[in-house]
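Trainee: just need the structure, nothing else, for what follows:
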Amino acid sequence: MMTDEELERIKQKKLRELLRASDTSSNPSQSFHNTPIIVTDATFQQTIQQHALVVVDCWAIWCAPCRMIAPVIESLAQDYAGKIVFAKLDVDQNPQVSHQYQIQSIPTLLIFKHGRLIDRLVGALPRQLLEPRIMRYLT
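Mentor: Numbering: from 1, shown residues only. As a prediction, this is how the structure comes out:
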């Protein structure tokens, strides 16, 4: 079992990695994102309004199912770059959005089209179940 110190060290390392990825992938002048972007309470509304179709992965560093689904989200972001924006929201660090959208279980995927919530998927679903559910909103 991990100590609190080890967990905090891993959490900080992952946060630094995510912030670095956000710095290079969240440029609003960029027309597509091939990796998930990081959203926060402060940037959430702008992100869902700015892009036609956004899938927000609500997660936490300590959540094992969240870590299981992360590679699937990264792969989808790469495969659908320019068509769908994938974003990650750390629910522990962003309580306003978590409360607003009543995130009670993680991972939860929130799907927004033109800034409006149109679907919610709860749990670490495999790609073969996630992909068709998300793709139906491309039209």
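
Trainee: residue boundaries of the helices in the protein?
Mentor: Assigned by DSSP state H, the helices in the chain fall at 4-25, 44-50, 64-79, 95-100, 127-135.

Trainee: residue 97 reaches residue 90, doesn't it?
Mentor: No - look at residue 97 against residue 90 with Cβ atoms under 8 Å: they stay out of range, at 9.9 Å. Heads up, the C-betas are built off the backbone N, CA and C, glycines and all.

Trainee: neighbours of residue 132, how many?
Mentor: Close neighbours of residue 132, defined as other Cβ atoms under 10 Å, add up to 9.

Trainee: return the distance of it relative to residue 119.
Mentor: Distance of residue 132 to residue 119, computed by Cβ to Cβ, to the nearest Å: 12 Å.

Trainee: centre-most residue in this protein?
Mentor: The structure's the chain has its C-alpha centroid closest to residue 88; by Cα atoms, centre = their mean the separation is 2.3 Å.

Trainee: can you tell me how far that one sits from residue 95?
Mentor: 16 Å.

Trainee: then residue 79?
Mentor: Distance, residue 79 to residue 95, by Cβ to Cβ: 31 Å.

Trainee: same question for residue 109.
Mentor: Applying Cβ to Cβ to residue 109 and residue 95 gives a distance of 19 Å.

Trainee: more neighbours: which of the two?
Mentor: residue 109 (22 against 11).

Trainee: my guess is that one contacts residue 130, does it?
Mentor: Yes - in this structure, residue 109 is within contact of residue 130 by Cβ under 8 Å, at 7.4 Å.

Trainee: which neighbours do those two share?
Mentor: residue 121 (Cβ atoms under 8 Å, 6 or more residues apart in numbering).

Trainee: where does pLDDT dip in this structure?
Mentor: For the chain, the stretches flagged by pLDDT under 70 are 12, 15-32.

Trainee: can we see that at 50?
Mentor: For the chain, applying pLDDT under 50 flags the ranges 23-31.

Trainee: thinking again about what came up before, now tabulate the helices of the chain in JSON lines and tack on distance to residue 114.
Mentor: Compiled in JSON lines, the helices of the chain are given as follows (distance: least, Cβ to Cβ, whole Å):
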{"stretch": "helix 4-25", "distance to residue 114": "22"}
{"stretch": "helix 44-50", "distance to residue 114": "8"}
{"stretch": "helix 64-79", "distance to residue 114": "19"}
{"stretch": "helix 95-100", "distance to residue 114": "18"}
{"stretch": "helix 127-135", "distance to residue 114": "15"}
